[in-house]
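Peer 1: sequence and predicted structure are below.
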Amino acid sequence: MPTQKQGSITISLELFSKLRGTWEKNMSKLVAKHHVTTYSGYAGKLIDLGIEQDIVEERFEITNMFENTILLNDYFLVKQNIEIIIRNAKLFCQEDKTGDCLHVGYVLSSPVIRKRAKELGVKLRRA
Ligand SMILES: [Zn+2]
């Protein structure tokens, strides 16, 4: 039961099993990373991170990836298909002519990009 400072949500059994399985399999790493001691605390951290990510994603959206190029929309600049080029594991923004802009930062923080880079054994960084 939630205390006065807590609320509760209902999630699918499938998602609950995934959460609990991930927690049990990686508990020591997750405790160190998120400073939580229960899978409930872990779920809360993930929701908080997801909300932050969703706010950031209001501005940016990765729309396509091919060969060494990632295409990104920037809804604040109302620019579409900003090209982020990957060369020697370094990211470079064609729009800003730098590897040190918000577009490159967003791409580097994207879980989809990080997962793919890990699969390829590449450590991506700013140009
Ligand atoms: Zn940029």
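Peer 2: Thanks, I have it. Just so you know, these numbers come straight off a predicted model, no measurement behind them. Numbering: from 1, shown residues only.
Peer 1: what parts of the chain come near the ion?
Peer 2: By C-beta under 5 Å from the ion, the residues of the chain that approach the ion are 93, 95-96, 101, 103. For every residue, glycine as well, the C-beta is placed using N, CA and C.
Peer 1: show the buried residues in those residues.
Peer 2: 93, 101, 103 (16 or more other C-beta atoms under 10 Å).
Peer 1: tell me which stretches of the protein form helices.
Peer 2: With helices called from DSSP state H, the chain shows them at 13-34, 39-57, 102-109, 111-120.
Peer 1: pick the most buried one from the ones you listed.
Peer 2: Per residue and on average, the most neighbours among those fall to helix 102-109, with a mean of 19 (mean count of other C-beta atoms under 10 Å).
Peer 1: distance between that helix and the chain's centre?
Peer 2: Centre-to-centre, helix 102-109 and its host chain are 10 Å apart (C-alpha atoms, centre = their mean, to the nearest Å).
Peer 1: stretch 89-108 now?
Peer 2: Distance, centroid of stretch 89-108 to centroid of chain: 16 Å (C-alpha atoms, centre = their mean).
Peer 1: again with stretch 45-57
Peer 2: With C-alpha atoms, centre = their mean, you get 9 Å for stretch 45-57.
Peer 1: now the closest residue to Glu61 other than its chain neighbours: how far from the ion?
Peer 2: Leaving aside its sequence neighbours, Glu61 sits nearest to Asn73 (C-beta to C-beta, 6 or more residues apart in numbering; 4.6 Å). Distance, Asn73 to the ion, by C-beta to the ion, to the nearest Å: 12 Å.
Peer 1: domain ranges for this protein, per the record?
Peer 2: Annotated domains of the chain cover 13-54, 60-126 [automatic domain parsing].
Peer 1: and those: which comes nearest Gln4?
Peer 2: Among the domains of the chain, the nearest to Gln4 by C-beta to C-beta is domain 13-54 (16.2 Å).
Peer 1: and the residue nearest to Glu61, what does it touch?
Peer 2: 60-61, 63, 79-82 (C-beta atoms under 8 Å, 6 or more residues apart in numbering).
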